[in-house]
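Student: show me how the following folds:
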Amino acid sequence: MNEATLRNYVRPRLAAKGVLPTHHEDALNSGIPDLSYSHGGVHGWIELKWLEAWPKREATIVRIQHYTKEQKHFLLSRGRAGGRCWLLLRIGRAHMIFNHEASRYVGEQNAAWLEFSATEAWDNGIDFEQLTRILTK
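Tutor: Below you'll find the model as predicted:
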């Protein structure tokens, strides 16, 4: 699993729900999320991150390589300005979605905090009907 695999899992399934996802690669502007999306007049951004597995001990901080301060700032600043900004995190087979406020602490907390603070979590694959409702409400 890597970020491209996660993106290739998410994009077609969102599209099947009527969401228009667009992949972004911007070498000039750091912090731009991986996907933007539009659905029914609602627009937003999703940063994708993944980890191979959970840490062995529950108290261990779940660190995420390559989740930069610029990415956190983009999600937080745009979210506070009224945008819909999300972090979608996959760890092992689990998926969690975090709003812009919670996303700024991801990578600095343990598993219990992640599970408590996620807007929604799925143990074995994403419920894309539910994800679409979350992204577009």
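Student: in this protein, which residue is most central in space?
Tutor: Nearest to the geometric centre of the chain sits residue 88, at 1.8 Å (CA atoms, centre = their mean).
Student: residues contacting the nearest residue to residue 83 once chain neighbours are set aside?
Tutor: Sequence neighbours aside, residue 44 is the residue nearest to residue 83 in space, at 6.4 Å (criterion: CB to CB, 6 or more residues apart in numbering). All C-beta spots, glycine's among them, are computed from the backbone N, C-alpha and C. Neighbouring residues of residue 44 by CB atoms under 8 Å, 6 or more residues apart in numbering: 36, 37, 83, 84, 85, 86, 135, 136.
Student: I'd guessed the residue nearest to the centre of the chain sits against residue 37; true?
Tutor: No: using CB atoms under 8 Å, residue 88 makes no contact with residue 37, being 11.1 Å away.
Student: overlap in contacts, these two.
Tutor: Listed as contacting both residue 88 and residue 37 by CB under 8 Å, 6+ apart are residue 46.
Student: look up how far residue 93 lies from the most far-flung residue of the chain relative to its centre.
Tutor: For the chain, the residue at maximal distance from the C-alpha centroid (CA atoms, centre = their mean) is residue 57, at 23.4 Å. With distances taken as CB to CB, to the nearest Å, residue 57 is found 20 Å from residue 93.
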